[in-house]
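Undergrad: Return atomic coordinates for the entry below.
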Amino acid sequence: MFDYIEARAAANPNIAQHAAFGPLSAALHADDARWTLLIDETGAHLSGGEGMAEVTLSATSDAWAELRKSEPQPGFQTLTTMRRTQNLIVTGDMVKFHQHLLLLEMLFSNLSPDEQPAPPLPTAPEIEPVMGRYLRLAINGRPHRVYFEEAGEGIPLICLHTAGSDGRQFRHILNDPAITANYRVIAFDLPWHGKSSPPAGFEAEVYELTTDSYMDIVMAIVDALKLDRPAVMGCSIGGRAVLHLAIRHGDRFRAAIGLQSALYAEDRSIGDPASPNVLHRPDIHGGKTAGASMAGMIAPQSPPEERWETMWHYMQGGPGIFAGDLVYYFEDGDLRNGLAEPLRNAACPIYLLSGDYDPSATPEMGQELADLINATHFEVMRGVGHFPMSENPTAFREYLLPVLEKVRAQ
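TA: All right, here's what the predicted structure looks like:
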């Protein structure tokens, strides 16, 4: 059942390099069958029976078999997703588990084809039609230097990235002439993210994103760039933010496009009772853990190069920033208990797109939101996960272009 693991470890030198800093012993359970897996600088070594193990991974034989498929069912695409859906139970030293999470995902999950062809070389050097700039402005009485990229002409389209990442997620949209022919696409890095540095004095504070601070940031940028009734599109926390913007500033926007939007989100996979705040512990590599966790939010149909670039953005996040964004996503930005009621038949049209492989803001949660507010448009994107614009831009544009045409025709 696990005969592929040793070969994967032998084929990827990053696995041995990681394990050299701390080996891992794991017990593998599949119904009544038992194996012991040792991962060290010499590779991965699988043996029958159950020996001494630091962590135990337990699933049914059918669940392990589903994980091995090239296109598993939603909820089975990675170890992280199987944990979230309770199809995998992990016990033992949870700190040790998270220290090795990326390594384990690389061994068990289909994050890359075993034989990956080299990407085609460009026929000639090419400069992309994207301009990057820095905007100096005051936000809540503090000076900031915010980085943004833009391309195109026409209706302003502000793009809000996901928690812990940055505006690079929208690079395909910025380079799509079918979009930039009619839209001035603007993607900025939130302060503390990407190329937007934290404000002076950040070393003496703990970063936490709130609804108020998020709204203040967006509106400060809208005002600074003198944008006249822009459309706004956001994903994940950005997908929640467009809802708050429609509630508080709906008259300032011509449309809100929510990707992976839902009324709320819950911490069902990143944290553990035995090891809280795994994204920001000194004994766990937060970047590797964030990247590995996000692997489970991506659809298996997504091209591996786009999957890994999406994960790489998370691996580069500043310490504590992903965890600070989740304060808004999990707590402060919750729209349950009637808080979304002002969105019902809102004057600002709301378009919602949900990926069927997203275990965080599931299609069912998107449908719940759409029904509650009587959204202008709701659609489930097939073969797409939590990051449609970056994980599978080709599939995403087939859903996005008709929405943008509707916005333009309003």
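Undergrad: what helix or strand does Ala10 sit in?
TA: helix 4-11 (DSSP states H and E).
Undergrad: what's that helix in contact with?
TA: For helix 4-11, contacts defined as Cβ atoms under 8 Å, 6 or more residues apart in numbering pick out 15-16, 37, 39, 43-46, 68, 106-108, 114. From N, CA and C alone the C-beta is placed, and that goes for glycine too.
Undergrad: how does it look with 10 Å?
TA: 15-16, 19, 28, 35, 37, 39-40, 42-46, 68, 103-104, 106-112, 114-115 (Cβ atoms under 10 Å, 6 or more residues apart in numbering).
Undergrad: which of these count as buried?
TA: Among these, those classed as buried by neighbour count (16 or more other Cβ atoms under 10 Å) are 15-16, 19, 28, 35, 37, 39, 43-44, 46, 103-104, 106-111.
Undergrad: Okay, and which of the contacts of helix 4-11 map to helices?
TA: Within those, residues falling in helices by DSSP state H are Ile15, Ala16, Ala19, Arg68, Leu103, Leu104, Met106, Leu107, Phe108.
Undergrad: how about the helices of the stretch 151-300 of the chain, start to end?
TA: 171-174, 177-180, 211-224, 237-249, 286-295 (DSSP state H, counting those that start in this stretch).
Undergrad: Compare the mean pLDDT across those and name the weakest.
TA: If you rank these by mean pLDDT, helix 286-295 sits at the bottom with a mean of 95.
Undergrad: Following the chain onward from that helix, which element is next?
TA: Next helix or strand after helix 286-295 toward the C-terminus (DSSP H and E): helix 304-315.
Undergrad: How far away from the center of its chain is the helix or strand that that next one is followed by?
TA: As assigned by DSSP H and E, the chain's next helix or strand after helix 304-315 is helix 321-326. On the basis of Cα atoms, centre = their mean, to the nearest Å, helix 321-326 sits 12 Å off its chain's mean C-alpha point.
Undergrad: And helix 321-326, what does it pack against?
TA: Applying 3 or more Cβ pairs under 10 Å, 6 or more residues apart in numbering; DSSP states H and E, we find helix 321-326 packed against helix 286-295.
Undergrad: between the helix it packs on and helix 304-315, how many degrees?
TA: 140 degrees (axes from the mean of the first three to the mean of the last three Cα atoms, to 10 degrees).
Undergrad: Not counting its own residues, what contacts stretch 65-74?
TA: Taking Cβ under 10 Å, 6+ apart as the rule, stretch 65-74 contacts 1-2, 4, 30, 59-60, 63, 75-79, 81-82, 85, 87-88, 108-110, 113, 299-301, 355-359, 362-363, 383, 385.
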